[in-house]
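In: Return a 3D structure for these sequence lines:
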Amino acid sequence: MHSINKNSYLHNYFKDINPRLINRCVEKALGRKILDGHDLEPPFNRLCSEQPNIPIADLDIIHRPVGFGRCAMTKLRRELHHKDPKVVIAALESISELVIDSTRGYEALKLQVDERLTDLLMDENPAIRERTARALKILAKLAEGKTKIVKNSTLLHNLAACSEDNNKKVRLQVALVLQNIAEFWMTADTLVEFGFISIVLHILQNNEDNCIKLIHLKTLRALMYGIQGKMVALDNSGYNILLTFLNDENGPILSVALECLAMLTSTCLGEKFAREVNLLDTLDKLLQDERKEVHTQTAHVMMFCTVKGTGKILASKRPRIVPRLIQLCQNKENVNTQLFALQALTNICEHPAIRKQINTEFSHEVEKIQVGFDPNIKVHKDKLLEVISWTPHTT
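Out: The predicted model follows:
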């Protein structure tokens, strides 16, 4: 028996398997033959598939039977510590779907579901650990969820342990949990005090998947918003660790690493490190990159590297920097690129040789920089023109 309409979902999903074999397998699994309208000649076609459409191969289709009732969250909370791991997994799946709705999310926090998830992070079953981290990831999108998670020191210890889990899926979900928490400045401070900057930096040194590395770099960027986070990163060799990413071909990873370097270079100690490792040599190469996010963040770092006189002198010895910065200053489509390039060029133009070069070779290009409607761009262009036109007073 072979019907192109019968078991059509399975036929489409497993195209390499003979449809007749699929039909026989379904009959054997059900324990009986099924003769219906699809076997008629011509077949009596249905309007929609009778089988569930599961777009992901490893997606759990088993959920707890009470998913959306009034007492669902209470029932699911009790089942989180059921003896049967399948029931626990199904309860976690149902909770993860429910708390996407912020109303149900706050209900889960009120019922202290987050505390019930604490020990499940250390369960021996990786499927339970992954789904627990996924539920926490969704709860961490709520402000109250972030706050409750960081107040639970045991949960933070378990998150730190799972961030280096043997299972890649668990590490990915835990990385997303930390990223969501770090985005809120109040909870970010708690993560810094707990020591998550050193944990993230240690993970970045490992041979980790690029997707997880990118998430951890974004987490590090959020944790370093204040001076305390920057100093902790510098004390834990954060500058040298971030320098290793400058040879990465992955554009998003490279741009976020450059952004983190810019944050560290904005400090006195970070600027000193930049001079010691001759960072301008690498920035000179990256500035020529055609990827928007890469040359934008490169100009961002260069802006801080050229604040002091030593940086201006080092930049003046690299002939490719000034023409490229002038070219980026004319990029009116990207405000950040234009702003960072203007600030870096203004710093370098305080060197007499560069000022003379611009007045003789690039004065027309500088004057025709379009500022658009952004007042900050206009202010920095006026400042650049003022620096270029400055002449030393003679007595």
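
In: can you tell me how far N247 sits from L254?
Out: The spacing between N247 and L254, counted by C-beta to C-beta, to the nearest Å, is 9 Å. The way it works is simple: take the backbone N, C-alpha and C, and place the C-beta from them, glycine included.

In: My error: substitute L279 in the last question.
Out: Taken as C-beta to C-beta, the span from L279 to L254 is 14 Å.

In: One more: H216?
Out: 14 Å.

In: can you pull the buried residues of stretch 81-93?
Out: 88-93 (16 or more other C-beta atoms under 10 Å).

In: how many other residues sit next to A29?
Out: 7 (other C-beta atoms under 10 Å).

In: could you pull out the strands for the protein?
Out: Assigned by DSSP state E, the chain shows no strands.

In: didn't F273 look like it was pressed against S237?
Out: No: using C-beta atoms under 8 Å, F273 is not in contact with S237, being 10.1 Å away.

In: Tell me which of the two has more neighbours.
Out: Between F273 and S237, counted using other C-beta under 10 Å, F273 has the larger neighbour count: 19 against 14.

In: Leaving out the residues flanking it, which one is nearest to the more buried one?
Out: Y239 (4.7 Å; C-beta to C-beta, 6 or more residues apart in numbering).

In: who's in contact with that neighbour?
Out: Neighbouring residues of Y239 by C-beta atoms under 8 Å, 6 or more residues apart in numbering: 233, 261, 264, 270, 273, 277.

In: low-confidence ranges in this structure?
Out: Along the chain, the parts satisfying pLDDT under 70 run over 1-5, 34-69, 393-395.

In: Give me the domain ranges for it.
Out: 1-53, 59-195 (automatic domain parsing).

In: most packed of the ones you listed?
Out: Comparing the domains of the chain by mean neighbour count (mean count of other C-beta atoms under 10 Å), domain 59-195 ranks first with a mean of 18.

In: what's the neighbour count on E208?
Out: Neighbours of E208 (other C-beta under 10 Å): 17.

In: Please report how far the spatially closest residue to T346 that is not a sequence neighbour lies from R32.
Out: The shortest distance from T346 to any residue other than its chain neighbours is 4.7 Å, reached at L384 (C-beta to C-beta, 6+ apart). From L384 across to R32, the span is 82 Å (C-beta to C-beta).

In: just E208 next, same as before
Out: From E208 to R32 the distance is 51 Å (C-beta to C-beta).

In: swap in S389?
Out: 92 Å.

In: could you pull out the helices for the stretch 151-300 of the chain?
Out: Applying DSSP state H, counting those that start in this stretch to the stretch 151-300 of the chain gives helices spanning 153-162, 168-182, 185-194, 196-205, 210-223, 227-235, 238-243, 251-265, 268-276, 279-286, 292-305.

In: nearest to R77, of those?
Out: helix 153-162 (15.8 Å; C-beta to C-beta).

In: Quick check: which helices or strands does the closest one pack against?
Out: For helix 153-162, the elements it packs on are helix 126-139, helix 143-151, helix 168-182, helix 185-194, judged by 3 or more C-beta pairs under 8 Å, 6 or more residues apart in numbering; DSSP states H and E.

In: contacting residues around T310?
Out: R275.

In: if I look at it, how far off is A344?
Out: 15 Å.

In: ok, and the closest non-adjacent residue to K33?
Out: That would be E27: by C-beta to C-beta, 6+ apart, it lies 5.4 Å from K33.

In: re earlier: can I get the domains of the chain in JSON lines with distance to V301?
Out: Shown next, in JSON lines, are the domains of the chain (distance: least, C-beta to C-beta, whole Å):
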{"stretch": "domain 1-53", "distance to V301": "48"}
{"stretch": "domain 59-195", "distance to V301": "21"}
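
In: Identify the spatial nearest neighbour of R318, chain neighbours not counted.
Out: D284 (4.9 Å).

In: ok, now T298?
Out: L286 (4.3 Å).

In: ok, and what's touching stretch 336-351?
Out: Contacts for stretch 336-351 (C-beta under 8 Å, 6+ apart): 292, 295-297, 299-300, 302-303, 306-307, 311-313, 315-316, 321-322, 325-326, 328-332, 354-355, 358, 369, 374, 376-377, 380-381, 383-384, 387-388.

In: which of the residues you listed are buried?
Out: Buried, going by 16+ other C-beta under 10 Å: 292, 295-297, 299-300, 302-303, 306-307, 311-312, 315-316, 321-322, 325-326, 328-329, 331, 354-355, 358, 369, 377, 380-381, 384, 387-388, out of these.

In: In helices only, show me those residues.
Out: 292, 295-297, 299-300, 302-303, 311-312, 315-316, 321-322, 325-326, 328-329, 354-355, 377, 380-381, 384, 387-388 (DSSP state H).

In: How much space separates the nearest residue to H295 once chain neighbours are set aside from A299?
Out: Counting by C-beta to C-beta, 6+ apart, D289 is the residue found nearest to H295 once chain neighbours are left out, at 5.1 Å. To A299, D289 is 11 Å away according to C-beta to C-beta.

In: L21 now?
Out: Distance from L21 to A299, by C-beta to C-beta: 61 Å.

In: and if you look at L142?
Out: In terms of C-beta to C-beta, L142 sits 36 Å off from A299.

In: cool, and V99?
Out: In terms of C-beta to C-beta, V99 sits 41 Å off from A299.

In: Over to V113?
Out: 46 Å.

In: next one: V277
Out: 19 Å.

In: next one: L261
Out: In terms of C-beta to C-beta, L261 sits 12 Å off from A299.

In: swap in N207?
Out: From N207 to A299 the distance is 31 Å (C-beta to C-beta).

In: could you redo the buried residues of stretch 81-93 as JSON lines and give each row distance to L76?
Out: What follows is the buried residues of stretch 81-93, written out as JSON lines (distance: C-beta to C-beta, whole Å):
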{"residue": "V88", "distance to L76": "10"}
{"residue": "I89", "distance to L76": "12"}
{"residue": "A90", "distance to L76": "9"}
{"residue": "A91", "distance to L76": "5"}
{"residue": "L92", "distance to L76": "8"}
{"residue": "E93", "distance to L76": "10"}
